[in-house]
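[1] Just to be clear, the model below is a prediction. Sequence and coordinates:
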Amino acid sequence: MTSYHDGHRQLQDVFDSRRIADRLEAVTYREALSAGDRAVVEAADMFFLATADPAGNPDCSYKGGDPGFVRVVSDTELAWPDYDGNGQFRSLGNLLVHAPVALLFIDWARPGRLRVHGRARISFDDPLLASMPGGQLVVRVAVERVFPNCPRYIHTMTRTARSPYVPRDGETPPEPGWKLDPRFAEALPGPGRRRP
């Protein structure tokens, strides 16, 4: 069974790319992470997360941390901590009611791209939380499809510094500037907020 729907096929036919699309799917698509995929994920310090609400309205967010913040639990499962954010929970709220997700890992130095599709769930009492400093909850993804993506249009970039806001053992991250804005002061969650 193919992963392509009628919209994909219409454009593949317009551009005579159905044959190469089918070959790419047959040769490069996997249902589990390979050793090379694992290396890409475990070295990543960021990825992009795509979600949609039940009506199909999309959302895309950036997730960042130190290398290894995304854990390869097995060849068919990934997990990462959710850190304190702005409280909107746009992506995680979507996956709470509509589990399909897509993750895009980009290696800016080599360059390279890896796509991971699956179904996500969140956990407030996941055993991994103990080893994930600053995590409020854990997101786990059951991997359904993994495939590399052509890197030719990726700009080669050099990292100049890691974010000082990433939670790290033994360090207290600085307060983000937006939380100091008086327009938001009265609306911020209290210090004693509880997880469900």
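    Cool, the structure landed. Numbering: from 1, shown residues only.
[2] mind showing which ranges of the protein have poor pLDDT?
    191-196 (pLDDT under 70).
[3] tell me what the longest helix along it is packed against?
    Assignment by DSSP state H gives helix 18-28 as the longest helix of the chain. Applying 3 or more C-beta pairs under 8 Å, 6 or more residues apart in numbering; DSSP states H and E, we find helix 18-28 packed against helix 6-14, strand 137-149. To be clear about C-beta, it is placed using only N, CA and C from the backbone, and glycine gets the same treatment.
[4] Now tabulate those in CSV and tack on distance to Gly56.
    As requested, those are exported to CSV (distance: least, C-beta to C-beta, whole Å):
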stretch, distance to Gly56
helix 6-14, 13
strand 137-149, 18
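[5] Could you say which of the ones you listed is packed most deeply?
    Comparing the helices and strands packed on helix 18-28 by mean neighbour count (mean count of other C-beta atoms under 10 Å), strand 137-149 ranks first with a mean of 19.
[6] what angle do that strand and helix 18-28 make?
    120 degrees (axes from the mean of the first three to the mean of the last three C-alpha atoms, to 10 degrees).
[7] Determine the set of other helices and strands touching strand 137-149.
    helix 18-28, strand 77-82, helix 90-97, strand 100-107, strand 112-123.
[8] Show me the residue sitting in the middle of the protein in space.
    With distances taken as C-alpha atoms, centre = their mean, the chain has Leu49 as the residue nearest its mean C-alpha position (3.8 Å).
[9] Enumerate every residue touching Asp82.
    Leu92, Ile122, Gly135, Gln136, Leu137, Val138, Val139 (C-beta atoms under 8 Å, 6 or more residues apart in numbering).
[10] And those, which two are furthest apart?
    Taking C-beta to C-beta, the two most distant members of those are Leu92 and Gly135; they sit 12.3 Å apart.
[11] hang on, Arg162 packs against Asp66?
    Yes: using C-beta atoms under 8 Å, Arg162 is in contact with Asp66, at 6.7 Å.
[12] Quickly list what's touching both of the two.
    Asp45.
[13] before we move on, the earlier item: can you give me how far the longest helix of the chain is from the chain middle?
    25 Å (C-alpha atoms, centre = their mean, to the nearest Å).
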